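K.L.:
Turn this into a structure:
(one chain, ligands or ions: 1)
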Amino acid sequence: MVELALDGVTKRYDDAQGTETAVSDFSLTVEDELLVLLGPSGCGKTTTLRMIAGLETVTDGAIRIDGRDVTGLAPSDRSIAMVFQDYGLYTMMSVRENMAYGLKHSTDLSAAEREARVEEMAEMFDIAGLLDRSVTDLSGGQKQRVSLGRAMVREPDVFLLDEPLASLDAKLRSEMRTELQRLQSELDITTVYVTHDQKEAMTMADRIAVLDDGVLQQAGPPDRVYADPTNRFVADFLGTPSMNQLPAVLDRQDSDRYTARFPADDPTVPLAAVPSGVAVAPGTEVVVGIRPEDIDIDAQSPDGPVFEAEVVVTEYQGSDNFVHLLVGGTELTAVSPPTVKPEPGETVRLSVSPSDIYLFDAETGEAIT
Ligand code: ATP
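P.N.:
Numbering: from 1, shown residues only. As a prediction, this is how the structure comes out:
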């Protein structure tokens, strides 16, 4: 059981243009789990990982491993292994030599013990048959296995991965995702995994930490973060297609129920009933969030107010369709089953269950619950 703790970690870069805050007051504890750091390009994921590894200095805050403050320690004194997107293998060496290189600091091991460790890890990563090959002769997927094996052979306390699958093709990426998950749970090692790919994050993570502009937005199990996004950014970032976010005004329906309508385009279009118990005064401007998969098209027994929309285009996706719609002048995307494929120009009736409606503060973007 190894606990990695980030405590108010901040990174500022100073250059001729001024000061850039790459990571701001980041606090989180990771323990015997696979934590995925997720966010758009430039949000501070790699900087965070490099600070944990000791490859980047920390401007403020502390990093602890099992209570030991490692903030000022050299990378080699942290019991951390890191794997990069571009493999970082030594091209002049064989697979075996590359993997043994991971043990160069393990002076307490005999030559036989080193060899045994390399062989064991090679078995685990399914590269035992490649040990005496040159790394230059390997495919991308094999190279990535070697670089993972080389990192793990040291039996580090913390495993850091920076977009390790980004250079692989889609099929291999998906296979390696499953395998990395299996290995992580078999080895039971505290792991931080960086990606900007939300699908990768959703499928692999025990917990996701979503970053935006250097600030941690939300951390939690993927299904919780998806179901209860803390703000508009997180709601938008998770899900394909993204959550529909529509500026609206709340109207009182009865004592504790509201309907939301589009103010700008068509004041008469009620978008949906808002779940009861939401503490917002009628007339308040909000942003209504609806996941595309929560919109029913021409439902037989709709579970909420029904409103009309015009079909712009239906995109065939194989297992379902993405239907792009216009309600008044507002664009909306729905996901429909393969049998529901309305034609452009057709008018359809949409319904959304009140329990599937999200509300966000129009000014701050924070979720209203
Ligand atoms: P990507 O997914 O594109 O790799 P990222 O989320 O990993 O992005 P970082 O590489 O951590 O983002 O960068 C965060 C911010 O810090 C960016 O605005 C970047 O320009 C800035 N930054 C990173 N390294 C430096 C540096 N050495 N000097 C100045 N600014 C830097």
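
K.L.:
Could you use CA atoms for every contact and neighbour count after this?
P.N.:
Will do.

K.L.:
what bridges to D14?
P.N.:
Residues found in beta-bridge contact with D14 (criterion: DSSP bridges) are T19.

K.L.:
confidence score at the nearest residue to P164 once chain neighbours are set aside?
P.N.:
By the measure of CA to CA, 6 or more residues apart in numbering, the closest residue to P164 outside its immediate chain neighbours is Q85, 4.3 Å from it. Reading off the confidence values, Q85 has pLDDT 80.

K.L.:
which ones are touching Q85?
P.N.:
When the contact criterion is CA atoms under 8 Å, 6 or more residues apart in numbering, the partners of Q85 are D162, E163, P164, L165, A166, S167.

K.L.:
what does L332 give?
P.N.:
Under the contact definition (CA under 8 Å, 6+ apart), the residues listed for L332 are N244, H324, L325, L326.

K.L.:
Kindly state the domain boundaries assigned to this structure.
P.N.:
Residue ranges for the domains of the chain, per automatic domain parsing: 3-237, 246-361.

K.L.:
re the thing from before, closest one to the ligand out of the contacts of L332, please.
P.N.:
Comparing the contacts of L332 against the ligand with CA to the nearest ligand atom places N244 closest, at 24.5 Å.

K.L.:
Assess the claim that the closest one and E293 are in contact.
P.N.:
No. Under the criterion of CA atoms under 8 Å, N244 is not in contact with E293, lying 10.3 Å apart.

K.L.:
Show me what the closest residue to A309 other than its chain neighbours is bridged to.
P.N.:
Excluding the flanking residues, the one nearest A309 by CA to CA, 6+ apart is V327, at 4.7 Å. Using DSSP bridges, the beta-bridge partners of V327 come out as T330.

K.L.:
I figured V327 was touching E310, is that so?
P.N.:
Yes. Look at V327 against E310 with CA under 8 Å: they come within range, at 6.6 Å.

K.L.:
Would you mind naming what in the protein lies close to the ligand?
P.N.:
Near the ligand, the residues belonging to the chain are Y13, A22, P40, S41, G42, C43, G44, K45, T46, T47, H196 when assessed by CA under 6 Å from any ligand atom.

K.L.:
Take those and keep only those in strands.
P.N.:
By the criterion of DSSP state E, membership of the residues of the chain next to the ligand in strands covers Y13, A22.

K.L.:
and the top helix by length along the chain, how far from the chain's centre?
P.N.:
Taking residue count as the measure and DSSP state H as the definition, the longest helix of the chain comes out as helix 170-187. On the basis of CA atoms, centre = their mean, to the nearest Å, the separation between the geometric centre of helix 170-187 and that of its chain is 16 Å.
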